[in-house]
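Asker: Give me the fold of what follows.
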Amino acid sequence: MSFNIRAGLGGDEAIGGYLKGSGCDIIGLQEARKPVVAPNPDPVPKIASVMPDYFIARGGIRGELVTFTRYPILTVREHTLGDFSTCVESVLSMDGRN
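Answerer: The predicted structure follows:
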């Protein structure tokens, strides 16, 4: 699943509950950072607390790209896509395979 959480403005625990309830094994989040326009905290720690059975990788210029996965994360790399855009590559171990 890929999901833009809009800096957690929908509520950290609600987002975490939705993601966990989705049953997805691999989840990529965008805009997973502290809101620019609101004094709210970084949403990722609260979301992660609702999803303790997931591994997590984070990257991006402001930490806005997050991977949650039920599979162990072997490596994480960032790739520049030009200007201010980046993507995060997470290599996972799935049933002993990479």
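Asker: Do a quick rundown of the strands in this protein.
Answerer: In chain order, the chain shows strands spanning 2-4, 26-30, 55-59, 65-69, 73-82, 85-92, with DSSP state E as the criterion.
Asker: Look up how far residue 96 lies from the spatially most central residue of the chain.
Answerer: The geometric centre of the chain, computed from its C-alpha atoms, lies nearest to residue 66 (CA atoms, centre = their mean), at 2.3 Å. The spacing between residue 66 and residue 96, counted by CB to CB, to the nearest Å, is 25 Å. (Each C-beta comes from the backbone N, C-alpha and C, glycine too.)
Asker: picking up where we left off before, deepest-packed of the strands of the chain, please.
Answerer: Among the strands of the chain, the stretch with the highest mean neighbour count (mean count of other CB atoms under 10 Å) is strand 65-69, at a mean of 23.
Asker: For it, name the packing helices and strands.
Answerer: Secondary-structure packing of strand 65-69 (3 or more CB pairs under 8 Å, 6 or more residues apart in numbering; DSSP states H and E): strand 26-30, helix 44-50, strand 55-59, strand 85-92.
Asker: Could you dump these into JSON lines and include mean pLDDT and distance to residue 78?
Answerer: Conversion of the helices and strands packed on strand 65-69 to JSON lines gives the following (pLDDT from 0 to 100; distance: least, CB to CB, whole Å):
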{"stretch": "strand 26-30", "mean pLDDT": "96", "distance to residue 78": "13"}
{"stretch": "helix 44-50", "mean pLDDT": "94", "distance to residue 78": "16"}
{"stretch": "strand 55-59", "mean pLDDT": "95", "distance to residue 78": "5"}
{"stretch": "strand 85-92", "mean pLDDT": "92", "distance to residue 78": "5"}
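Asker: Please identify which of those is closest to residue 74.
Answerer: Put simply, out of the helices and strands packed on strand 65-69 the one that sits nearest residue 74 is strand 85-92, at 4.6 Å, with distance taken as CB to CB.
Asker: pLDDT weak spots in the chain?
Answerer: Along the chain, segments meeting pLDDT under 70 span 97-98.
Asker: Please name the residues that touch residue 80.
Answerer: residue 86 (CB atoms under 8 Å, 6 or more residues apart in numbering).
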